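A.B. asks: Let's see this in three dimensions:
(2 chains)
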Amino acid sequence: DQQVKQNSPSLSVQEGRISILNCDYTNSMFDYFLWYKKYPAEGPTFLISISSIKDKNEDGRFTVFLNKSAKHLSLHIVPSQPGDSAVYFCAASPRGSQGNLIFGKGTKLSVKP
Amino acid sequence: DGGITQSPKYLFRKEGQNVTLSCEQNLNHDAMYWYRQDPGQGLRLIYYSQIVNDFQKGDIAEGYSVSREKKESFPLTVTSAQKNPTAFYLCASSQWSGNTIYFGEGSWLTVV
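C.D. replies: Below you'll find the model as predicted:
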């Protein structure tokens, strides 16, 4: 049973517009959430994270929103750039697990010039 | 430069052979991990180690073995018992108290 779900396998956005990537989770014991960006044949790169005690975290063009009641988080990229084209993974950490992350299957973002 | 180094990048193995993937980190991280990625799938945890000389099985440990003799090193052996070894393998590390893990560049293993 998938505990972290990214229901959209792909997303296409025009350069300069907003990209919104979504992630749902089922385990209420998750207390830390992360987004990673991955290019083909490379390791994932950490982008941004959020603790369950917050509902928003912002870093430059990237903002993550957490809705605990809906068990939903989203990553907003504004403005989107062609270099943002990659696969984005949502990950969650159960309370006390210290780095043992549960990953979604990823969403492939394509930003068109 | 600090980071996580995996080698080799590409590896071919004949069926029935064991193969060892190397992972070294100079970030002074306490914990290290091995994940596997299959096409169209997320990352699945194989093994992890939070301290030298100790490690735990992840979700898909069958057919794999690890060792943690040094803080900097966490090699993964893919044994002949692993039924579908062809995949992209990712090593990662984190601080003891940290939830954020950092990945190496990955190793492609193909069974021929």
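A.B. asks: The residue nearest to residue B:6 when sequence neighbours are not counted and residue B:93: what is the separation?
C.D. replies: Using C-beta to C-beta, 6 or more residues apart in numbering or on different chains and skipping residues adjacent in sequence, the residue nearest residue B:6 is residue B:104, 4.1 Å away. All C-beta atoms are positioned from the backbone trio N, CA, C, and that covers glycine. Separation of residue B:104 from residue B:93 (C-beta to C-beta, to the nearest Å): 8 Å.
A.B. asks: Let me see the contact set for the residue nearest to residue B:6.
C.D. replies: Residue B:104 is in contact with A:43, B:3, B:4, B:5, B:6, B:23, B:25, B:90, B:91, B:92, counting by C-beta atoms under 8 Å, 6 or more residues apart in numbering or on different chains.
A.B. asks: so can I have CSV of those showing distance to residue A:50?
C.D. replies: Shown next, in CSV, are those (distance: C-beta to C-beta, whole Å):
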residue, distance to residue A:50
A:43, 22
B:3, 25
B:4, 24
B:5, 29
B:6, 28
B:23, 28
B:25, 25
B:90, 23
B:91, 25
B:92, 19
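A.B. asks: ChimeraX command for the buried members of those?
C.D. replies: Buried residues within the contacts of residue B:104, by 16 or more other C-beta atoms under 10 Å in any protein chain shown, are selected in ChimeraX with:
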select /A:43 /B:4,6,23,25,90,91,92
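A.B. asks: Give me the subset of the contacts of residue B:104 lying in strands.
C.D. replies: Those of those mapping onto strands are B:4, B:5, B:6, B:23, B:25, B:90, B:91, B:92, per DSSP state E.
A.B. asks: follow-up on the earlier one: save the contacts of residue B:104 as JSON lines, and put in pLDDT and distance to residue B:81 too.
C.D. replies: Converted to JSON lines, the contacts of residue B:104 look like this (pLDDT from 0 to 100; distance: C-beta to C-beta, whole Å):
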{"residue": "A:43", "pLDDT": "93", "distance to residue B:81": "26"}
{"residue": "B:3", "pLDDT": "93", "distance to residue B:81": "31"}
{"residue": "B:4", "pLDDT": "96", "distance to residue B:81": "27"}
{"residue": "B:5", "pLDDT": "96", "distance to residue B:81": "27"}
{"residue": "B:6", "pLDDT": "97", "distance to residue B:81": "22"}
{"residue": "B:23", "pLDDT": "98", "distance to residue B:81": "21"}
{"residue": "B:25", "pLDDT": "97", "distance to residue B:81": "27"}
{"residue": "B:90", "pLDDT": "96", "distance to residue B:81": "21"}
{"residue": "B:91", "pLDDT": "97", "distance to residue B:81": "21"}
{"residue": "B:92", "pLDDT": "95", "distance to residue B:81": "24"}
